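K.L.:
here is a sequence with its predicted model. Questions after.
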Amino acid sequence: MDTAKKGFQGFLQRNWLVIVTGLVTGAAAVILSALGNPPNMGFCIACFERDISGALRFHGAAPVQYFRPEIVGIVLGAVGMAFIKKEWKPQGGSSPFTRFMLGMLVMIGALVFLGCPLRMVIRIGGGDVNALIGLVGFIVGIVIGTFPLRFGFSLNRAYRQNAAEGLFFPILLAVLFVLSFIPNLFAKSTEGPGSMQAYWYAALLIAIVVGALCQRSRLCMAGGVRDAVMFKDFHLVYGFLAIIAAVVVGNLIRGTFKFGMEGQPIAHTESLYNFLGMVVVGWGSVLLGGCPLRQLVLAGEGNSDSAVTVFGFIAGAAVSHNFGLASSGTGIGAGPVLWVLIAGFVILALISVLNIKRRA
């Protein structure tokens, strides 16, 4: 009994912060949906960056245009916590164009599936079986991505930069957020997911808390599976299991839990594309060194390479909607989705192979 108690205490001591972060993030997703955000999309990094891309008029899909405060809040929360803990360090110069391209590919895959890894686990917590198919694809993509890592894959080292380089992205994001309150300056949805909005001040404050916790815990969906596969380290996995648990409980309390494939909110039942889209997301996220949520947090810590990656996400959202690659609740887009996914696999393979460094 004492041994079991000590083992449990040791488990909590090692993992309490990432578990708390997961529980808070899951609860935040449920609360934000209750306050007006789309169902099963209280928090979705890809969806919200897609909405921001639309708000900036980079694409013309009217149902998904809104400058989401949650993205701003995550970055500001990470900035604040990084400064408090003296972990804010401006750096960059690690293959920025390759990271931009990877960001575009990850976003294209996410919008085929209709969600980033964070929304994937939120959808699972809502009972969406389509998201379980996406999870299988996500894991397969990460496993593929671990092979180049084992052989020395690297996007080269980042270099110390001046403070302005590290601060530019969060300042730009904050300025654009303030400008978004000027009537008619940015596009704004009047129907569809983009018109479903929690109170901006609640969304901003909740996201700041989540961003600060994610900075401390290093929560990352892709990193968790990668570490489990490569090192048998499940530390980060406990974080997103906690997200699922919190979302399940929250949906049961609200009466919004619905198990099945059909009729899920803002989701489609094209299983092959749910799978393939998340393979791209998993593979690309491993090569980037973190999922879309982690990239926002790293950008808040002063990493300009992650800021470039976020711009890649926003550009990828524009490409997805402008060329008919983004899915909707009724199915995949009208564009050449399969061919683009195949091209994405080829590009990911080339990036994987060409960036393997010889070991001494």
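P.N.:
Okay, I see it. Numbering: from 1, shown residues only.

K.L.:
now do the helices in the protein.
P.N.:
Counting by DSSP state H, the chain has helices at residues 2-34, 45-55, 69-84, 96-113, 117-125, 129-150, 163-179, 200-217, 221-231, 235-254, 271-288, 292-300, 304-322, 337-354.

K.L.:
what angle do the fifth one and helix 96-113 make?
P.N.:
Which is helix 117-125. Counting by axes from the mean of the first three to the mean of the last three C-alpha atoms, to 10 degrees, helix 117-125 lies at 20 degrees to helix 96-113.

K.L.:
please apply the same query to the second one.
P.N.:
In terms of direction (the same axes, to 10 degrees), helix 45-55 departs from helix 96-113 by 100 degrees.

K.L.:
taking helix 200-217 as reference, get the angle to helix 45-55.
P.N.:
Comparing the axes of helix 45-55 and helix 200-217 via the same axes, to 10 degrees yields an angle of 130 degrees.

K.L.:
kindly report the same for the longest one.
P.N.:
Comparing the axes of helix 2-34 and helix 200-217 via the same axes, to 10 degrees yields an angle of 150 degrees.

K.L.:
buried stuff in helix 2-34?
P.N.:
Within helix 2-34, the residues scored as buried using 16 or more other C-beta atoms under 10 Å are 15, 17-19, 21-33. Bear in mind the C-beta positions are built from the backbone N, C-alpha and C, glycine included.

K.L.:
and the residue most central in space within the chain, what does it touch?
P.N.:
Nearest to the geometric centre of the chain sits Pro292, at 3.2 Å (C-alpha atoms, centre = their mean). By C-beta atoms under 8 Å, 6 or more residues apart in numbering, Pro292 lies in contact with 45-46, 49, 106-107, 110, 116-118, 285, 313.

K.L.:
and for the closest residue to it other than its chain neighbours, the neighbour number?
P.N.:
Nearest residue to Pro292 in three dimensions, chain neighbours excluded: Ile45, at 4.0 Å (C-beta to C-beta, 6 or more residues apart in numbering). Other residues near Ile45 number 27, with proximity taken as other C-beta atoms under 10 Å.

K.L.:
my guess is Ile45 meets Cys116, correct?
P.N.:
Yes: applying C-beta atoms under 8 Å as the test, Ile45 and Cys116 come out as touching, 4.5 Å apart.
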